[in-house]
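Q: Sequence first, predicted coordinates after that:
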Amino acid sequence: MFFKKTQNIFLGIILFRLLSWLIVRTYFIADEYWQTFEIAHSLAFNYGYKTWEWKSTIAIRSYLYPYVISLIYRFLALIHLDTASMLINIATLFQTFLAIIGDLAYLKFLQGHRLVFLILLCRFSCWYTMYSSPRLLINNLEEILFICSLAAAKNFRSTSSNLTFHFFVSLSFILRPTSAIPFVIIYPYLLYQMSNRFRFLLQAFLCFISLNLFNSLLDSYMYGQWTFVPFNFFYTNFLHPNSISSHYGINHIFWYFTNGLGMIFFYRLPLIFLGAMSNKRLTIVIFFTIFIYTLNSHKEFRFLTQILPILFILEAHGIDWCLKKINSNKFRWILFISFLLHFFIGIYFSLIDRQGQISIMHYLRTNLPQNNQQNFSIDFLMPCHSTPYYSFIHRNDIQLNFLTCEPNLDALSTDYIDEADRFFLKPIESLRSRLNMFKPSHLIMFDTLYDQVKDLFEDDQFYYVKKILFNSHIQHTSRHGKSIYILEKR
């Protein structure tokens with residue numbers, strides 16, 4: 001009965017997800033490429049770059065998800081379809097398929113809710129839903145598993161549903177330990193509702209232990225030594241004496257309320273606060289989760305992805321409250337326009353903003369000839385991880401170099417500065433040094449750096465501007481730019 005009633009809705013969701021998969025062609029965050037694509041490519045084809053998180057002495061990432069992607073890559077290689085574009089698109093299509101599974105679970109969770117259509121409208125009109133969902137980010141998996149766990153918890157009196165609930169919670173913890181935060185509130189609530197609490201706790205314990213043991217065996221095999229990633233993750237991000245997470249930026253304690261939520265919801269944020277007033281249980285989960293996130297000095301709005309399904313429910317309740325209080329067609333038109341604007345914002349960021357950081361890889365792999373006697377060496381003179389890497393070129397005949405930004409893991413010095421920061425402090429001197437060291441055939445840089453060092457190229461005449469790619473209308477940081485310069489050696 002449920003499937004019959006929601007058939008048209010689910011078909012619309014599938015079309016939306018496929019549209020999102022087709023149009024997302026821009027750069028979002030480094031982890032999408034360097035923590036999933038690059039690792040999967042390295043596992044499947046034995047070449048690629050592993051960042052510091054994947055060192056056996058650090059080991060704060062689980063191999064589980066990249067390993068699944070690598071199996072897809074190996075299958076494509078087996079049938080001789082392992083072109084770069086095929087590898088990229090099939091991987092994101094797989095992520096899109098997982099998102100659709102999450103949507104189906106969300107429909108199940110919302111079944112019987114009086115605002116189900118309004119909640120879905122809030123979710124699928126949000127720019128971030130379109131922009132983020134097909135990307136290979138662990139945060140997206142967190143959200144999917146969170147939704148699946150909520151759908152299972154809805155029928156908490158069923159033994160099979162309880163096991164399913166524990167499975168999704170444990171799997172989410174394996175992929176990213178911080179995903180356990182909202183369940184600190186949810187588990188006691190469910191336990192209170194149980195008639196057989198001992199069985200519920202025993203199921204949770206056995207499921208958690210068995211899945212973590214399995215994953216530890218996988219990670220231990222991949223890292224070459226006994227490894228328990230959740231412990232390493234917690235120690236490195238919260239207990240390490242050199243404050244590893246703060247190396248990538250420090251934000252004030254209220255950042256998620258003043259910036260993070262606003263980046264996702266924009267002008268629709270007040271509706272969430274209105275909805276929170278009438279939904280105390282959901283609000284407690286949200287505020288507790290965000291409160292724990294604030295304890296870490298490094299903050300990113302994508303960390304809120306997991307709890308978005310609850311935030312959309314609060315937003316829908318806020319809209320419902322407004323519709324009851326403001327009985328006006330003008331207000332309904334304002335709501336319609338606000339949803340429409342979000343949709344167009346999603347299209348803009350998915351198709352246009354920072355497109356050059358992706359298209360540069362397509363240009364390199366298609367314009368550098370293969371099977372020739374020239375050895376290509378490319379130096380990316382950008383803020384670290386500004387582009388994908390080997391996984392988007394899929395050629396091992398090209399040597400790639402980039403400016404690294406590893407944190408002060410080994411307490412090398414009290415005034416430690418990473419390679420990228422050192423380069424941008426003295427760009428001309430640093431560039432001369434890298435040209436002598438790597439002797440690259442091509443240089444890739446943003447217009448902001450090119451404007452600082454262009455006199456050097458005019459003097460030595462060794463490099464010339466081969467191509468300029470559009471990147472963005474917005475300069476996101478002082479080191480990023482609106483255009484990307486490709487310089488080739490004469």
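A: That came through fine. Numbering: from 1, shown residues only.
Q: from here on, contacts and neighbour counts on C-alpha atoms
A: Will do.
Q: Not counting sequence-adjacent ones, nearest residue to the most centrally placed residue in the chain?
A: In the chain, the residue lying closest to the centroid (C-alpha atoms, centre = their mean) is Leu137, at 3.2 Å. With C-alpha to C-alpha, 6 or more residues apart in numbering as the criterion, Leu137 has its nearest non-adjacent residue at 5.0 Å, and that residue is Glu32.
Q: Next, the contact list for the residue nearest to the centre of the chain, please.
A: Counting by C-alpha atoms under 8 Å, 6 or more residues apart in numbering, Leu137 makes contact with 31-32, 36.
Q: Name the member of the residues you listed with the most neighbours.
A: Neighbour tally across the contacts of Leu137 (other C-alpha atoms under 10 Å): the maximum, 24 neighbours, falls on Thr36.
Q: Can you report how many residues lie near the residue nearest to that residue when sequence neighbours are not counted?
A: Leaving aside its chain neighbours, Thr36 sits nearest to Pro66 (5.2 Å; criterion: C-alpha to C-alpha, 6+ apart). For Pro66, the neighbour count with other C-alpha under 10 Å is 22.
Q: chain center to the one helix or strand Pro66 maps to, what's the gap?
A: Here Pro66 sits within helix 64-78, counting by DSSP states H and E. Put simply, helix 64-78 sits 19 Å off its chain's centre (C-alpha atoms, centre = their mean, to the nearest Å).
Q: Show me what it is packed against.
A: The contact analysis (3 or more C-alpha pairs under 8 Å, 6 or more residues apart in numbering; DSSP states H and E) places helix 64-78 against helix 38-45, helix 84-110, helix 197-223.
Q: export those helices to JSON lines and tack on mean pLDDT?
A: Listed next are those as JSON lines, based on pLDDT from 0 to 100:
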{"stretch": "helix 38-45", "mean pLDDT": "98"}
{"stretch": "helix 84-110", "mean pLDDT": "97"}
{"stretch": "helix 197-223", "mean pLDDT": "95"}
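Q: Would you mind finding the most buried of these?
A: Most buried of the helices and strands packed on helix 64-78, by mean neighbour count (mean count of other C-alpha atoms under 10 Å): helix 38-45, with a mean of 22.
Q: got a list of contacts for that helix?
A: Against helix 38-45 from outside (C-alpha under 8 Å, 6+ apart): 47-50, 66-71, 73-74, 388-391.
Q: again with stretch 154-169
A: Under the criterion C-alpha under 8 Å, 6+ apart, residues 109, 145-146, 148-150, 152-153, 180, 183, 190, 194, 200, 203-204, 207-208, 211 lie in contact with stretch 154-169.
Q: give me that answer again for 10 Å
A: Stretch 154-169 is contacted by residues 108-111, 142, 144-153, 170, 172-174, 179-180, 183, 187, 190-191, 193-196, 199-201, 203-208, 210-211 when judged by C-alpha atoms under 10 Å, 6 or more residues apart in numbering.
Q: can you check stretch 82-91 too?
A: Outside stretch 82-91, the residues touching it (C-alpha under 10 Å, 6+ apart) are 21-22, 36-37, 40-41, 68-70, 72-77, 81, 92-93, 95-97, 134-136, 361-362, 365, 390-395.
Q: Can you classify His113 as helix, strand or coil?
A: For His113, the assignment made with DSSP: H, G, I helix; E, B strand; the rest coil gives coil.
Q: residue contacts, it?
A: Listed by C-alpha under 10 Å, 6+ apart, the contact partners of His113 are 107, 119, 313.
Q: From what I see, the first one and Val116 are in contact.
A: Yes: taking contact to mean C-alpha atoms under 10 Å, the distance of 8.1 Å between Leu107 and Val116 places them in contact.
Q: The helix or strand hosting Tyr128 packs against which elements?
A: Using DSSP H and E, Tyr128 sits in helix 127-132. Where contact means 3 or more C-alpha pairs under 10 Å, 6 or more residues apart in numbering; DSSP states H and E, helix 127-132 is packed against helix 7-23, helix 116-125, helix 138-153, helix 261-265, helix 329-351.
Q: Highest mean neighbour count out of those helices?
A: It is helix 138-153: most buried of the helices and strands packed on helix 127-132 by mean count of other C-alpha under 10 Å, with a mean of 24.
Q: Check which helices and strands it sits against.
A: Contact analysis of helix 138-153 by 3+ C-alpha pairs under 10 Å, 6+ apart lists helix 30-32, helix 84-110, helix 127-132, helix 159-175, helix 183-193, helix 308-325 as its packing neighbours.
Q: Of all those helices, which one comes closest to Leu11?
A: helix 84-110 (10.2 Å; C-alpha to C-alpha).
Q: Let me know the angle separating the closest one from helix 64-78.
A: Note on geometry: by axes from the mean of the first three to the mean of the last three C-alpha atoms, to 10 degrees, helix 84-110 and helix 64-78 are set 130 degrees apart in direction.
Q: how about low-confidence regions in the stretch 201-350 of the chain?
A: Scanning the stretch 201-350 of the chain for pLDDT under 70 picks out 243, 245-246.
Q: picking up where we left off before, give me the contact list for the helix holding Tyr128.
A: 16-21, 23-26, 28, 122-124, 139-140, 263-266, 302, 305, 308, 339-351.
Q: mind redoing it with 6 Å?
A: 20, 342-343, 345-346, 350 (C-alpha atoms under 6 Å, 6 or more residues apart in numbering).
Q: how deep is Asp320 tucked in, by neighbour count?
A: Residues near Asp320, counting by other C-alpha under 10 Å: 17.
Q: what's the distance between the nearest residue to Ile272 once chain neighbours are set aside and Asp82?
A: Closest residue in space to Ile272, ignoring its immediate chain neighbours: Glu315 at 4.2 Å, by C-alpha to C-alpha, 6+ apart. Separation of Glu315 from Asp82 (C-alpha to C-alpha, to the nearest Å): 43 Å.
Q: what ranges do the strands span in the stretch 301-450 of the chain?
A: 376-380, 398-402, 442-446 (DSSP state E, counting those that start in this stretch).
Q: So what are the sheet partners of the last one and their directions?
A: So that's strand 442-446. If you go by DSSP bridges, strand 442-446 pairs up with strand 376-380 (parallel), strand 483-489 (antiparallel).
Q: Need the distance between the two termini of stretch 172-184.
A: Terminal-residue distance, stretch 172-184 (C-alpha to C-alpha): 14 Å.
Q: Let's test this: mean pLDDT of that stretch, rounded?
A: Across stretch 172-184, the average pLDDT comes to 95.
Q: ok, residues contacting it?
A: Residues outside stretch 172-184 that contact it (C-alpha under 6 Å, 6+ apart) are 142, 230, 285, 289.
Q: what do you get for stretch 114-121?
A: Against stretch 114-121 from outside (C-alpha under 6 Å, 6+ apart): 110, 312-313, 316.
Q: what's the first-to-last distance across stretch 379-399?
A: With C-alpha to C-alpha as the measure, stretch 379-399 spans 9 Å from end to end.
Q: in it, what counts as buried?
A: Residues 379-394, 398 are the ones in stretch 379-399 that count as buried (16 or more other C-alpha atoms under 10 Å).
Q: Nice, that's everything, thank you.
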